Every structure is written in structure tokens, then in C-alpha cells.
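**Student:** can't give you the sequence, but here's the structure:
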């Protein structure tokens, strides 16, 4: 597996998710399976099947998280405000509407649209990656081309 570049906060978030899933796999799921077994015939027991499926999903996600964390590379704290790079916060202005948007450029594993963390693999992420302060970028969106100006680049 190739290196996964993460912010320090993103690494910590994945580690916390891993710890929570391990706790569920060790304590909650076995209790659900035990309770479902007590209901009788396992071949027609939907609670048992659901618990076993959940156990498999959690085990799979644990494996995925462990691989990511083993291959994680924390993004260097060195900050360069001249160009946008992974981990930077970027203040953008939509040149059509005048609306301003502040987003953080992160890897897909950390992306969270509700926290304004956008993936470097998204159209907007690809467009702003490497952009300079003051530069106008064009993003292909479903409604057509959207132009943004990079107003500011910050570490937080």
C-alpha cells in the first residue's frame, strides 16, 4: 500500500475511529450475537445474521484503518503561504456570485464537506492544489465552469 498523507488532526481522527471500532468488535457485537443466539434457530434468526454481518463490516473497516495508519505520513508542519498544498486552508471567492468560501485541502480519507475539508481528488481540490494567492482558477461543475479567485492561504 502506498503512503497516505494525512494532517495530524486527520491521523488522530482515524486512530480514534479505530479504537472505537475495536471496542465495538470486542464488547458490543459479541453481546448482540450472544443475545441473538438465545432467541433460537440461527438459520431464521435475522438478529443473529445482522450481528454477524455487522461484525464482518467492522472487522473489514478495522483492517482498512490499520493499513492506512501503518502507511500514514503526517504532513510536515512547515507552512508556505505562496502556494496551496495539502493541509492548507484556502479562502476562495466565487467570481460570479461574490460568495467567499474557506476550505481545507485534505486527502480523501479526511474529507468532510460539513467541516469544509475537501479532497485533493475532488474537482475543486485538484483546481486549487498548487494555486497561488491572487490566482483565478476554473472548476468544471455540473452547472458549467465556475471561476474562483484564491484570496488567502493559511495554516489554520
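**Tutor:** Good, I have the coordinates. None of these values were measured; they are calculated from a predicted model.
**Student:** Show me the strands in this protein, by range?
**Tutor:** Using DSSP state E, the strands of the chain run over 4-6, 72-74, 89-94, 100-106, 117-119, 136-141, 144-154.
**Student:** hmm, who's touching the fourth one?
**Tutor:** With contacts defined as Cβ atoms under 8 Å, 6 or more residues apart in numbering, strand 100-106 is touched by 6-7, 10, 84-94, 115-120, 124-125, 128-129, 148, 151. All C-beta spots, glycine's among them, are computed from the backbone N, C-alpha and C.
**Student:** how far is it from where the chain is centred?
**Tutor:** 14 Å (Cα atoms, centre = their mean, to the nearest Å).
**Student:** quick one: residue 153 and residue 81 touch, right?
**Tutor:** Yes: Residue 153 is within contact range of residue 81, at 5.0 Å (criterion: Cβ atoms under 8 Å).
**Student:** And the two? Which one has more around it.
**Tutor:** Using other Cβ atoms under 10 Å, the more surrounded residue of residue 153 and residue 81 is residue 153, with 21 against 12.
**Student:** list the contacts for that one?
**Tutor:** Counted by Cβ under 8 Å, 6+ apart, residue 153 has contacts 81, 82, 83, 84, 88, 89, 90, 91, 133.
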